[in-house]
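[1] Below is the sequence, then the predicted model.
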Amino acid sequence: MLSMFTAKPVSLTINDEIVIAQTSVKHSILTAALAANIAFPHHCRVGSCGACRCKLVAGEVKQLTDSAYVLSAEAIAQGMILACQSLPKTDVNIHVNLRQRPLADEPQGHGHV
Ligand code: FES
């Protein structure tokens, strides 16, 4: 009965090679990656810039906000998600360009990515 209320830890796999075991379903993918010292691209952390976009390859996530404000319909159809707004519901595997420049180095602007 108690297990019904206990959050089960899940694992986060990045680019099929980096595995973060025992992360919580209460932490976003971005939070879990940064806590593991992964240089995950990000900027706003609130779902408005798109810098943390990544592709969900396997698993399920709960999205905290509607990513359609930031991601195009085509990107969403291809499985793109916002790491800062996605809580893992199961073990997940995502693909992300870890060599992406931080958004802070680019001209400011918003729009579909
Ligand atoms: S860090 Fe800006 S949308 Fe996730």
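    Here it is on my side, so go on. Numbering: from 1, shown residues only.
[2] which parts of stretch 56-63 are buried?
    56, 59, 61 (16 or more other C-beta atoms under 10 Å). (Each C-beta comes from the backbone N, C-alpha and C, glycine too.)
[3] Take those and write them to JSON lines, including distance to the ligand.
    Shown next, in JSON lines, are the buried residues of stretch 56-63 (distance: C-beta to the nearest ligand atom, whole Å):
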{"residue": "Leu56", "distance to the ligand": "14"}
{"residue": "Gly59", "distance to the ligand": "18"}
{"residue": "Val61", "distance to the ligand": "13"}
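[4] Which members of those are positioned in strands?
    In strands, judged by DSSP state E, the following of the buried residues of stretch 56-63 are found: 56, 61.
[5] tell me which of the buried residues of stretch 56-63 is nearest to Ser28?
    Ranking the buried residues of stretch 56-63 by separation from Ser28, with C-beta to C-beta as the measure, puts Val61 on top at 9.0 Å.
[6] which residues touch that closest one?
    Residues near Val61 by C-beta atoms under 8 Å, 6 or more residues apart in numbering: 29, 81, 86-89, 92.
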